[in-house]
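J.: Sequence and predicted structure below; questions after.
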Amino acid sequence: MAGGRGIVFEEISKQFLVRGSPLAVLDKVSLDCPPGSFTALIGPSGCGKSTLLKIALGLETVDAGSVRIGGEPPDAVRQRGEIGIAFQDPALLPWRSVSANVALPLDVLGGSRPEQRARIPHLVSLVGLSGFETALPGELSGGMRQRVAIARSLVTAPDVLLMDEPFGALDLILRRQMNVELQRIWMEQSPTTILVTHGIDEAVYLADRVVVLGGRPGVVKGIVDIPFDRPRPTTIFRDPAFHRLTDEVGALLGGDEG
Ligand SMILES: Nc1ncnc2c1ncn2[C@@H]1O[C@H](COP(=O)(O)OP(=O)(O)OP(=O)(O)O)[C@@H](O)[C@H]1O
C-alpha cells in the first residue's frame, strides 16, 4: 500500500510564455522525496511552488530535467489513480452527498475494486465526519468541506499525496485542527507527501523536512530537517526547539513569509 514510492525531481527548469515573452519560473530544481516521507514546500508568492506540484502531477511539462514517481513518469501514475490530490478549493460536486464526493475518484477511474468502496465509511470517519455521510456540501462548513476533500484524496489509497494550500482558506483555529487531523490521517496511511503551504508553523508541525523555495526563477534556498517524533502534540507549537526551527525556515525565506 502506501509509502512505497518516492518522488524525484532532477534539475527541473521551467518557463512560461507570457504575452510572447519568456518568464523563467523554476531553475534546476532538484529534490528527492523518499518513499513515505512528508515534505513541506514553502516560499514567497510566485516562486513556482504550484508549478512544481503540477509538474509532479504530470499536468505541466518541463523545459529541462525530469520528475519520476517510483521510477515512472507522473502521468502514468496519476492516470492509475495512485496520486491523491487536495487543493485549496475543495471543489466538491454540490449535488453529491459527502460519501458520493469521497467516492468520486473511483467513479472517474472506473473499475474500482470493492475493497476501495468499502473504505469510504472509514475515510469519512477518519476525517471526523461520521453522521454526515448523506449531507450535501451546501450543508457543511468550510472546514468540513475541506475534510471531505482530504478523504476524497485518500480514497484510492494513494502512494503519493500532493497538497497545495489545502487549508489556506481556513481561519487559524480551524487550520490548526486540520493540521492535527492531517497528521493523524497521514500516520495511518503514510503516503509520500508534498504539502505546499505559506504557513511556517504548519510546515514545521507536519513535515519531516521543510524545503524553502525562493527567487525568480525559483531555486531551492535551503532544506530544514524536522527531527520531532510523531505524533507531535499541539504543545509543540510553544516548544523552544519548535521556534528555533521556524526561525531557521523564516531566515531562509528572508522575511518574505508570515
Ligand atoms: N499557465 C501559466 N502561464 C503563464 N504563467 C504562469 C502559468 N502558471 C504560473 N505562471 C506564473 O509562474 C509563476 C509561478 O507561479 P506559481 O503558481 O507556481 O507560484 P506559487 O509559488 O505557487 O505562488 P503562490 O504562493 O502565490 O500560489 C507566477 O509568476 C505565475 O504568474
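T.: Cool, got the structure. Numbering: from 1, shown residues only.
J.: so what's the residue nearest the centre of the chain up against?
T.: With distances taken as Cα atoms, centre = their mean, residue 163 lies nearest the centre of the chain, 2.0 Å away. Counting by Cβ atoms under 8 Å, 6 or more residues apart in numbering, residue 163 touches 85, 86, 87, 153, 193, 194, 195, 196. In short, each C-beta sits where N, CA and C put it, glycine included.
J.: The last one against residue 51, yeah?
T.: No: at 10.2 Å, residue 196 does not count as touching residue 51 under the criterion of Cβ atoms under 8 Å.
J.: Would you mind listing what in the chain touches the ligand?
T.: 16, 18, 23, 25, 43, 45, 46, 47, 48, 49, 50, 51 (Cβ under 6 Å from any ligand atom).
J.: what do you get if the cut-off is 5 Å, keeping everything else the same?
T.: Residues of the chain found near the ligand (Cβ under 5 Å from any ligand atom) are 16, 25, 45, 46, 47, 48, 49, 50, 51.
J.: Who does the first one form a beta bridge with?
T.: Beta-bridge pairing of residue 16, defined through DSSP bridges, involves residue 23.
J.: Provide the contact partners of the worst-scoring helix or strand of the chain on mean pLDDT at residue level.
T.: Between all helices and strands in the chain, the lowest mean by mean pLDDT, DSSP states H and E belongs to helix 114-118, at a mean of 80. With contact meaning Cβ under 8 Å, 6+ apart, helix 114-118 is reached by 103, 106, 155, 156, 157.
J.: Could you work out the most separated pair of these?
T.: Farthest-apart pair in these is 103 and 157; separation 13.4 Å (Cβ to Cβ).
J.: Kindly provide the distance from the residue located most distally from the centre of the chain to the ligand.
T.: Among the C-alpha atoms of the chain, the one most distant from their mean position (Cα atoms, centre = their mean) is that of residue 20, at 31.9 Å. Going from residue 20 to the ligand by Cβ to the nearest ligand atom, to the nearest Å gives 12 Å.
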